[in-house]
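Trainee: Sequence and predicted structure are below.
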Amino acid sequence: MTEAKRVLLGVNIDHVATLRQARGTRYPDPVKAALDAEEAGADGITVHLREDRRHIQERDVRVLKEVMQTRMNFEMGVTDFMLAFAEEIRPEHVCLVPETRQELTTEGGLDVAGQEARIAAAVQRLAAVGSEVSLFIDADPRQIEASKRVGAPAIELHTGRYADAHTPQEAEAELQRIREGVALGVSLGLIVNAGHGLHYHNVEPVAAIPGINELNIGHALVSHALFVGFKEAVREMKQLIQGAAPR
Ligand SMILES: CC(=O)[C@@H](O)[C@H](O)COP(=O)(O)O
Ligand SMILES: NCC(=O)COP(=O)(O)O
């Protein structure tokens, strides 16, 4: 019997920077959080350089790239500035996300199907500097198939609707959509990651989906770290992910 592949944990450190930016101080340092996360077993570090710079700044990304030991997953909107910045930094992974300035957090997935030529060009530019590109999309077959057509090797399924579900029935329906999305992505030969809004009480059913490669988790982890410390918060999340049994 073949053993199920271990689900990886990408730790998103954006909201360490949110706290720093709230006061314009030098602390808390997201780079320190990244190093602690790596020591505690994070498989990668995710940062989102938002257009409005509400949390992560260019300097964080530059310093991080020099000191981190695992893999950087750089989240960005598809703009000329971000493409040029990513070409300079050459992150191991780049995740293309939709972005609006007014949103509280990323709402919905990237419309790949509606702009295939533009996304394909971005994927090509980033692949040329050695970055593996993933597309942050809803678990919608149309978007998953379009992601394959534009040449992205990976997708990240947006789990926000699952996380925000108001009833167990709604959560189960969203989970089923994610399961089907993972199965379709895997059948097309895509690497399938997932994330957004995952926390200590809702992560296990997603971690248990066969075929999931990596979960990117930030807000809940940074929040829990306030009470137990960053390393312990990462360890606890890793334990939940690794202990999640298929259901
Ligand atoms: C793209 C995404 O899902 C989120 O990573 C985001 O990076 C978290 O930061 P925000 O809370 O600013 O959306
Ligand atoms: N791409 C999702 C991510 O990096 C983390 O999202 P969240 O856990 O902060 O909601």
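Mentor: Received it, and whenever you're ready, just let me know what you need. Ligands and ions are numbered 1, 2, ... in the order given.
Trainee: all contacts plus neighbour counts: C-alpha atoms, from now on.
Mentor: Will do.
Trainee: hang on, residue 161 is in a helix, isn't it?
Mentor: Yes: under DSSP: H, G, I helix; E, B strand; the rest coil, residue 161 falls within a helix.
Trainee: and stretch 16-26, how far from the chain's centre?
Mentor: Chain-centre distance of stretch 16-26: 21 Å, with C-alpha atoms, centre = their mean, to the nearest Å.
Trainee: cool, and stretch 72-85?
Mentor: Mean-position distance between stretch 72-85 and its chain equals 14 Å (C-alpha atoms, centre = their mean).
Trainee: So is that stretch next to ligand 2?
Mentor: No: counting by C-alpha under 6 Å from any ligand atom, ligand 2 has no neighbours in stretch 72-85; the shortest distance is 7.5 Å.
Trainee: same check, this time on stretch 162-181
Mentor: No: shown here: stretch 162-181 not in contact with ligand 2 (C-alpha under 6 Å from any ligand atom), separated by at least 9.0 Å.
Trainee: Any buried residues in that stretch, and which?
Mentor: 162, 163, 171, 174, 175, 176, 177, 178, 179, 180, 181 (16 or more other C-alpha atoms under 10 Å).
Trainee: and what of stretch 234-247?
Mentor: For stretch 234-247, a neighbour-count test (16+ other C-alpha under 10 Å) marks 234, 235, 237, 238, 240, 241, 244 as buried.
Trainee: Mind checking which of those are in strands?
Mentor: In strands, defined here by DSSP state E, there are no members of these.
Trainee: Could I get these in a markdown table, plus columns for distance to residue 38 and pLDDT?
Mentor: Putting the buried residues of stretch 234-247 into a markdown table (distance: C-alpha to C-alpha, whole Å; pLDDT from 0 to 100) gives the following:
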| residue | distance to residue 38 | pLDDT |
| --- | --- | --- |
| 234 | 9 | 98 |
| 235 | 10 | 98 |
| 237 | 13 | 98 |
| 238 | 12 | 98 |
| 240 | 17 | 98 |
| 241 | 16 | 97 |
| 244 | 21 | 92 |
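Trainee: Could you take those residues and lay them out as a markdown table, with extra columns for distance to residue 30?
Mentor: A markdown table is the format used below for the buried residues of stretch 234-247 (distance: C-alpha to C-alpha, whole Å):
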| residue | distance to residue 30 |
| --- | --- |
| 234 | 14 |
| 235 | 18 |
| 237 | 18 |
| 238 | 19 |
| 240 | 23 |
| 241 | 23 |
| 244 | 28 |
